[in-house]
Structures are given as C-alpha cells and as structure tokens.
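Asks: fold the following and give me the result.
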Amino acid sequence: MTNEMAFAIAEINEILNYLSIQQVNKIPLKLRNMFTLVSHANYIPHIDPNKSILEQDISTKTKDILVLFYRNYWSDSDNKNEIDKILDENENRYQLELSQKYSTYNIFNSSNSAMTLPENDVQDNKLIVKKDNFITKIINKLKSWFSH
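Replies: Residues are numbered from 1 along each chain as shown. I've put the predicted structure just below:
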C-alpha cells in the first residue's frame, strides 16, 4: 500500500471519530478494523470538527473513500442512483480526455514534433510526411511560448 493511501485512511479514521455512532456502525466492522490496521501510524490528520467536510484540507483519495462510504453505507437508493450517474459521467469524461490525449494523431501532431500529419495528406493509402523547414520551426516555437 502506498503512503498516500495510508495517509488517506488515517484521515478517514479521524473523520469517523467525529461522526455519530449510528453512521459509523453502518460501515462493516471488518472494514473499520482493516482501516485501523493499515492507516499510517505516524501521520496526524488535521481535521477541524467546526468545518464542513468540503472545507477540510483532505486528500483526493480521502474524498474518494468518503464518496464510496456515502454511496454504499449512508445513502438511500435514489441518492445511490444519482451518485452512480455522476460517477459514470466523470468516468466517461476522463476516458474521453485520455483518448484525446493519447490518440495517435495528437501524439504525432504535437507542436514539439518536427513532423506533422495533416488529415488531407493521406492519399491512396499512402502517408505523406511533411517536414517543417527551419523558419517554420522557429515560428512555431515562438507561437508556443506566447500562447501560454
């Protein structure tokens, strides 16, 4: 287990200390015991009981675990369906970003590449690779510096 996960579990254990016994008891005892065993022993989370969970300075992993706890143990079926819908939308958005980021066209068409692959240069199943000349490379580099 990574340190990041052990820190997140330590934060979860601290948050559970501030919840009602009824909410904590909805989480299976086996899971709570495992969380106690695997949490980072030397990490002291800084949870302020006077702030809402949204205002806490907690890790993304901690938030993810809390969403799963809320979905699996603390919400009714309507909330579960709504959470599932949001999680599906987030996953679809993430997969779309990955496919765009790692598409072969985008990889070979990056501004750092010396070669470009315009769509209209694919003719008769032959790929024509155009190399940028020296001036074009300089202009593209200047554009990339000023576009940020």
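Asks: outside of the longest helix that the chain contains, which residues touch it?
Replies: Longest helix of the chain, by residue count under DSSP state H: helix 77-101. With Cβ atoms under 8 Å, 6 or more residues apart in numbering as the test, helix 77-101 has contacts from 67, 70-71, 75, 106. Every residue, glycine included, has its C-beta placed from N, CA and C.
Asks: show me where the protein has strands.
Replies: 115-116, 122-123, 126-127, 130-131 (DSSP state E).
Asks: was I right to think residue 27 contacts residue 70?
Replies: No - counting by Cβ atoms under 8 Å, residue 27 sits too far from residue 70 to count as a contact (10.7 Å).
Asks: quick one: residue 58 and residue 45, what's the gap?
Replies: With distances taken as Cβ to Cβ, to the nearest Å, residue 58 is found 8 Å from residue 45.
Asks: so what sits against both of those two?
Replies: In contact with both residue 58 and residue 45: 11, 15, using Cβ under 8 Å, 6+ apart.
Asks: count the neighbours of the closest residue to residue 69 other than its chain neighbours for me.
Replies: Excluding the flanking residues, the one nearest residue 69 by Cβ to Cβ, 6 or more residues apart in numbering is residue 27, at 6.3 Å. Residue 27 has 17 neighbours, counted by other Cβ atoms under 10 Å.
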